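In: fold the following.
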Amino acid sequence: MKKIVVAILLIIVSFSVYWFASYQDSQNTSVKFAVGVLEVEPQSGTDKLEIKKVSFEKPGFIVIKETLNGRPGQIVEVGDYMLPGVYENVSIDLPRKIPGKGVSINEAGRPVTVDMVAIMYYDNGDEGFNPNDDDIAYVNGKIVAVSLSTGLNVSESAILPIAKDDKQASVIVIYTDNGFSPNEVTVSVGDAVRWINKSSRPMWVASNNHPEHTILPTFDQFTTSAVGESYTYTFEKSGTWRYHDHVNASREGVVRVVE
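Out: Residues are numbered from 1 along each chain as shown. This next block holds a predicted model:
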């Protein structure tokens, strides 16, 4: 009888230890979800992004965006829709190779440092990525975004376009249902141009070519302006920059920037 009691006690103790360990694991997992883990080891020269670990508290996406001189560039790729959970060794195919740390190219005699950044977005409920509707993940007030070339977190200024409407514009361009007016403008390096939407539809100013906006990638609203709203861009490089309305690509204009 005594042996039976001891055996029962051992079973109860074992079950209690197992339950407690399982409970702790579940609690730890919840904590990991809450902090929005995104671990990426430095990588370059490959067109396949390897994410070591990522955890989603809510459904969302991993979005790859290009940065130029530490400022926002184009969205390069969007990963698959992901449900809440912890994922390891996630691969995302890219349309071009990841640049290495410190890689630069010369354009008009000026160095341009190019990088790619992985960003965590939370879905708005439609299971499709939309940069205007989906929310970027933040943890303790910091954006969840990692440089692919360094594996380190990046600042918000490298991800989100900085509003510059507070800078006095050298030239005002009015956008109507008939297009941009004036259609061609000339400014100096360092000058700002402001586009005011007075059309009957949203306006999205972006450099050619449509839809990639590759001629001057930072010259891009990355969103739309409603009627009465405006967009301002400061030109820091000389050249002839053709642009269009991304919503209605047949509407085009030209900004000539001189030294």
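
In: neighbours of the closest residue in space to Gly100 that isn't next to it in sequence, how many?
Out: Leaving aside its sequence neighbours, Gly100 sits nearest to Ser44 (C-beta to C-beta, 6 or more residues apart in numbering; 3.5 Å). All C-beta atoms are positioned from the backbone trio N, CA, C, and that covers glycine. A total of 16 residues lie near Ser44 under the criterion other C-beta atoms under 10 Å.

In: one more: Asp80?
Out: 9.

In: residues touching it, list them.
Out: Taking C-beta atoms under 8 Å, 6 or more residues apart in numbering, we find Asp80 in contact with Phe61.

In: what's it sitting at in phi/psi?
Out: Main-chain torsions, Asp80, degrees, to the nearest 10: phi -70, psi 160.

In: over to Thr223?
Out: phi -170, psi -170.

In: name the nearest residue to Tyr233, sequence neighbours excluded.
Out: Nearest to Tyr233 is Phe219, by C-beta to C-beta, 6+ apart, at 5.6 Å.

In: over to Val247?
Out: Trp204 (4.9 Å).

In: my read is that the one you found contacts Ser225, right?
Out: Yes - if you go by C-beta atoms under 8 Å, Trp204 and Ser225 touch, sitting 7.4 Å apart.

In: what strands flank the longest strand seen in the chain, and is each parallel or antiparallel?
Out: If you go by DSSP state E, the chain has its longest strand at strand 110-122. When sheet partners are counted by DSSP bridges, strand 110-122 sits next to strand 60-68 (antiparallel), strand 104-107 (antiparallel), strand 135-136 (antiparallel), strand 145-147 (antiparallel).

In: list the buried residues for that strand?
Out: Buried positions in strand 110-122, judged by neighbour count with 16 or more other C-beta atoms under 10 Å: Thr113, Val114, Asp115, Met116, Val117, Ala118, Ile119, Met120, Tyr121, Tyr122.

In: and the residue nearest to Tyr233, what does it touch?
Out: Taking C-beta under 8 Å, 6+ apart, one finds Val205, Ala206, Ser207, His213, Tyr233, Phe235, Trp241, Tyr243 in contact with Phe219.

In: then Glu184?
Out: Gly253, Val254, Val255, Arg256.

In: in the sheet, who's paired with it?
Out: Applying DSSP bridges, one finds that Glu184 bridges with Val254.

In: of Trp204 and Ser225, which one has the most company?
Out: Trp204 (22 against 19).

In: mind checking how far Phe180 is from Leu216?
Out: 16 Å (C-beta to C-beta, to the nearest Å).

In: whoops, I mixed them up, Val54
Out: 32 Å.

In: contact partners for Val117?
Out: Ile64, Lys65, Glu66, Thr67, Ala145, Val146, Ser147, Leu148, Val154, Ala158, Ile159.

In: what sits against the residue nearest the centre of the chain?
Out: Against the mean C-alpha coordinate of the chain, by C-alpha atoms, centre = their mean, the closest residue is Lys65 at 4.8 Å. Neighbouring residues of Lys65 by C-beta under 8 Å, 6+ apart: Pro72, Gly73, Gln74, Ile75, Val76, Met116, Val117, Ile119, Ile159.
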